[in-house]
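Student: Sequence plus predicted model, see below.
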Amino acid sequence: MDCLEFRRLLGSDPRLADAAAREHLESCPRCQDAYARAQAFEARLAQAMAVALPEGLADRILLNQLTTERRRRASGFRYGWIALAAAASLAIAIGIVRNQRSVGASLPDLVVEHVNGEERSALQLRKPVPSQLVERAFADRGVRLVSVPAGISYVQKCPVGEYRTVHMVMPQGDQPVTVMYVTHYHAPGPESFERGVLRGREVPIAGGTLVMVAANDASFDALEHTWRDALEGPPQIAAGSP
Amino acid sequence: MRAHSGELYRYAYWLCGESALAQDLVQETFLRAWRSLDSLRETVAAKAWLTTILRREHARLFERKPMPTVDLVDLDLMDTGPGPERTGEDAVMRAAIGKLEPKYREPLVLQVLGGFSCEEIASQLGITEAAVMTQVFRARQKLKSMIEGEHREAEIHGLP
């Protein structure tokens, strides 16, 4: 191998998988310099390509997979043994004890069960997710947001019982608040509820229903107002005023 | 899953140039992988298998609707470096990577980030190994040329 061929290979595969190229490298001082420069460039290239990973990426993926798997299992889909083993590993990885879904349960029951079961770890997320993720989740559910409220740390399209929802977490001070927008279901009217230590409220907004769940209801009024604006627009826009 | 999610996210990021979309792509990749887990015969091949699924999902999205025509150069490319000097160098390099045409950028990302051989990249992209070698060679030449251009401009303006 000559120097020209070596340099060509070096530019194509700086790790030098080619044995002849490695042999040439040992015997050619000029190519050794070129090799050193190439390795420095590769290190810089790899460093630049390694963009920061979004916080909680793996957790969100695991949660989404678990939710989807549960829905599929509920629909009677038959899994191979590998999938079942993977599902078990997944559940263990997240540390979740899964509850059987109550048949015929009310929307508040299903939401609280969902929050306590599958998605509990989502409550620990604090960093806001990009607004595009929120817009996309709603758009996928057929809902166009007028605006995206700030401070959403978790967003996921979740089936809750037979309801299709966009499930979010919005930390309010030290307290996480689960906010779930149920599309294509319009509750008869606003209603507060309590389930164990949790307080909740369901409110019909636009074509769906907003459900909020938290340890206390201190922030529910403000969140309801925020989401009414996000889903229907501010009052003057909703009323068609200039 | 955890072992591959980071690599896949970065690959997706350099494919589409958008963090939110890259996250969606990774999410969808794992869901699709999950559904066809039986087709994975060897765990050592998992990375290549997942990468292929992600590429297909990205292509599917392109077919379904136009992707945002964001120039990668204009993006707020996230910094990971420990200090301003390192950050500055990374930003210059990232801007240069963003300027590469996809046909050069994709095999380069697969090689540098994914650690795939030219033969493996050729198999994933459905092109010849010789074509991969040419593309990654040219990709590096273009990057060096762009970065040297940046340095020359800095010298003209009396910058360090």
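Tutor: Looks like it came in fine.
Student: What residues of whichever helix in chain A runs longest count as buried?
Tutor: Looking across chain A with DSSP state H, the single longest helix is helix A:29-49. Neighbour-count burial for helix A:29-49, counted by 16 or more other CB atoms under 10 Å in any protein chain shown, picks out A:31, A:34, A:35, A:38, A:41, A:44, A:45, A:48, A:49. C-betas here are computed from N, CA, C, even on glycine.
Student: which of those come close to chain B?
Tutor: Residues of the buried residues of helix A:29-49 in contact with chain B (CB under 8 Å from any CB of the partner chain): A:41, A:44, A:45, A:48, A:49.
Student: Nearest to residue A:107 among those residues?
Tutor: residue A:49 (45.6 Å; CB to CB).
Student: pretty sure residue B:143 belongs to a helix, no?
Tutor: Yes. Inclusion of residue B:143 in a helix is indicated when DSSP: H, G, I helix; E, B strand; the rest coil is applied.
Student: Next, count neighbours for it.
Tutor: 22 (other CB atoms under 10 Å in any protein chain shown).
Student: ok, now how distant is it from residue A:187?
Tutor: Plainly put, residue B:143 is 57 Å away from residue A:187 if you go by CB to CB, to the nearest Å.
Student: Tell me the pLDDT of residue 117.
Tutor: The chain I'm using is chain A. Residue A:117 carries a pLDDT value of 64.
Student: you looked at the wrong chain, it should be chain B
Tutor: With respect to pLDDT, residue B:117 has a value of 90.
Student: again, but for residue B:69
Tutor: Listed pLDDT for residue B:69 reads 42.
Student: ok, now the one 4 residues further on?
Tutor: Residue B:73 carries a pLDDT value of 46.
Student: Relative to chain B, which of the ones next to chain B among the buried residues of helix A:29-49 is nearest.
Tutor: residue A:48 (3.6 Å; CB to the nearest CB).
Student: Spit out the contact partners of the closest one.
Tutor: Residue A:48 is in contact with B:89, B:90, B:93, B:94, B:97, counting by CB atoms under 8 Å, 6 or more residues apart in numbering or on different chains.
Student: helix/strand/coil for the second one?
Tutor: Three-state call for residue B:90 (three-state DSSP): helix.
Student: State the distance from it to chain A.
Tutor: 5 Å (CB to the nearest CB, to the nearest Å).
Student: Now that residue. Nearest residue, chain neighbours left out?
Tutor: Counting by CB to CB, 6 or more residues apart in numbering or on different chains, the nearest residue to residue B:90 once its immediate chain neighbours are dropped is residue A:48, at 4.6 Å.
Student: how close does the one you found sit to residue B:59?
Tutor: From residue A:48 across to residue B:59, the span is 25 Å (CB to CB).
Student: Now do the phi/psi pair for the residue nearest the centre of chain A.
Tutor: For chain A, residue A:60 is the residue whose C-alpha lies nearest the centre (CA atoms, centre = their mean; 4.3 Å). Per-residue torsions, residue A:60: phi -60, psi -40 (degrees, to the nearest 10).
Student: nearest spatial neighbour of residue A:146, skipping sequence neighbours?
Tutor: residue A:233 is the one closest to residue A:146 (CB to CB, 6+ apart), at 4.3 Å.
Student: Number of residues surrounding the one you found?
Tutor: For residue A:233, using other CB under 10 Å, the count is 16.
Student: if we can go back for a sec, the buried residues of helix A:29-49 into a markdown table, with extra columns for pLDDT?
Tutor: Listed next are the buried residues of helix A:29-49 as a markdown table, based on pLDDT from 0 to 100:
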| residue | pLDDT |
| --- | --- |
| A:31 | 90 |
| A:34 | 89 |
| A:35 | 91 |
| A:38 | 89 |
| A:41 | 90 |
| A:44 | 88 |
| A:45 | 90 |
| A:48 | 88 |
| A:49 | 89 |
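Student: Nearest to residue A:159 among those residues?
Tutor: residue A:49 (36.4 Å).
Student: so how far is residue B:6 from the closest one?
Tutor: In terms of CB to CB, residue A:49 sits 12 Å off from residue B:6.
Student: mind listing what residue B:27 touches?
Tutor: A:60, A:61, A:64.
Student: What strand or helix carries residue B:103?
Tutor: helix B:102-112 (DSSP states H and E).
Student: Which elements pack onto the very next helix or strand once past that helix?
Tutor: Once helix B:102-112 ends, the next helix or strand along the chain (criterion: DSSP H and E) is helix B:118-125. Contacts defined by 3 or more CB pairs under 8 Å, 6 or more residues apart in numbering or on different chains; DSSP states H and E place helix B:118-125 against helix B:46-64, helix B:102-112, helix B:129-156.
Student: Just the buried positions in helix B:118-125, please.
Tutor: B:118, B:120, B:121, B:122, B:124, B:125.
Student: Relative to chain A, which of those residues is nearest.
Tutor: Chain A lies nearest to residue B:118 out of the buried residues of helix B:118-125, by CB to the nearest CB, at 6.0 Å.
Student: For the helix or strand hosting residue B:12, buried residues please.
Tutor: Using DSSP H and E, residue B:12 maps to helix B:2-16. For helix B:2-16, a neighbour-count test (16+ other CB under 10 Å) marks B:4-16 as buried.
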